[in-house]
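# Return atomic coordinates for the entry below.
(one chain, ligands or ions: 3)
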Amino acid sequence: MLFLFKKKSKPKNSDLPVHIGIILDGNGRWAKRRGLPRTAGHSAGAENFRTIANYCRDIGIKYLTVYAFSTENWKRSEEEIYAIWELLRKYLKESIQKMVRDRVKISIMGDIGAIPEDIQELIDETDRLSETFEGIQLNICLNYGGRDEILKAAKEVAADCLAGKIQPEEITDDYFEAKLYSAGVPDPDLIIRPSGELRISNFLLWQSAYSEFYFTKTLWPDFSTKELDSAIADYQKRDRRFGGVKD
Ligand code: IPE
Ligand code: IPE
Ligand code: MG
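Ligands and ions are numbered 1, 2, ... in the order given. Next up is the predicted model:
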């Protein structure tokens with residue numbers, strides 16, 4: 001009667017991570033293995049992003065932060081970067097129409113001043129639409145770097161000191177955090193990196209201080225809802241101590 005002990009496939013609600021971060025990596029290798037251009041990998045990755053974001057909303061995840069373009073990704077060819085902006089343009093246009101219906105609030109994290117202006121306008125529009133509704137919050141990291149974010153916050157805090165708004169000895173974690181792109185968003189409980197790389201690549205450096213990690217060799221376009229369930233199940237077995245002791 002082995003079937004009686006079969007595990008439920010959907011993750012249980014208790015101890016569900018509130019915030020999941022995902023480094024969307026492995027698109028290029030996915031395409032290469034199929035003899036396709038790297039840009040085809042980005043299209044497949046964008047498609048999978050929709051699937052996973054909807055699934056996260058359906059199972060009750062409150063925040064999903066995805067790393068889509070880093071401050072270092074400008075090192076890539078113009079053609080590849082152009083293809084990424086094109087996918088983003090398409091995604092934001094579709095999302096603007098569907099955000100309220102789909103209960104998805106979109107927020108962009110990163111230095112958006114350097115990305116194409118029409119996309120900046122789309123971002124402003126999503127911000128405006130997102131202001132007042134509840135559902136899953138989807139943070140898309142674009143031209144984002146953890147160091148860049150910390151440096152930006154440090155500069156703002158320094159400016160506040162010079163303006164006499166605060167004394168250096170009064171600066172707290174909370175004061176500093178309020179200057180980060182992620183202000184108001186709780187730290188990620190679980191960070192997933194597909195593609196087999198075992199590194200953080202400048203993602204959420206401040207916020208990941210006590211995040212749990214899940215690494216997998218699966219390339220991002222192949223990362224399924226089933227594997228997300230496994231990552232969550234794995235997370236639910238972890239003993240998070242935050243520097244304390246549990247008996
Ligand atoms: C991630 O996939 C997408 C971006 C960084 C924009 P990659 O393009 O890095 O894919 P690999 O790592 O080359 O396979
Ligand atoms: C990390 O992937 C950045 C994004 C997924 C946006 P990369 O492919 O840029 O990272 P490295 O170069 O392997 O560290
Ligand atoms: Mg990569």
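# next structured bit after the longest helix along the chain?
What stands out as the longest helix in the chain, according to DSSP state H, is helix 78-102. For helix 78-102, the following helix or strand on the C-terminal side (DSSP states H and E) is strand 104-109.
# thinking again about what came up before, pLDDT on the longest helix of the chain, on average?
What helix 78-102 shows for mean pLDDT is 92.
# for stretch 32-50, same thing?
Here the average pLDDT along stretch 32-50 is 97.
# residues in contact with that stretch?
24, 26-31, 66, 68, 79-80, 83-84, 87, 90-91, 219-223 (Cβ atoms under 8 Å, 6 or more residues apart in numbering). C-betas here are computed from N, CA, C, even on glycine.
# Bridged to Ile192, which residues?
Beta bridges link Ile192 to Ile22, Tyr214 when assigned by DSSP bridges.
# Give me the residue ranges of this protein where confidence is low.
Counting by pLDDT under 70, the chain has low-confidence residues at 1-13, 132-133.
# Where does it get nearest to ligand 2, residue-wise?
Ser201 (3.7 Å; Cβ to the nearest ligand atom).
# Just give the number of residues close to the closest residue to Trp206 other than its chain neighbours.
In space, and not counting its chain neighbours, Trp206 is closest to Ile150: 5.8 Å by Cβ to Cβ, 6 or more residues apart in numbering. Counted by other Cβ atoms under 10 Å, the residues lying close to Ile150 total 15.
# Over to Ser211?
Neighbours of Ser211 (other Cβ under 10 Å): 21.
# For it, give me its contacts.
Per Cβ under 8 Å, 6+ apart, neighbours of Ser211: Gly21, Asp187, Pro188, Asp189, Leu190, Ile191, Leu204.
# Just the ones in strands from these, please.
Gly21, Leu190, Ile191 (DSSP state E).
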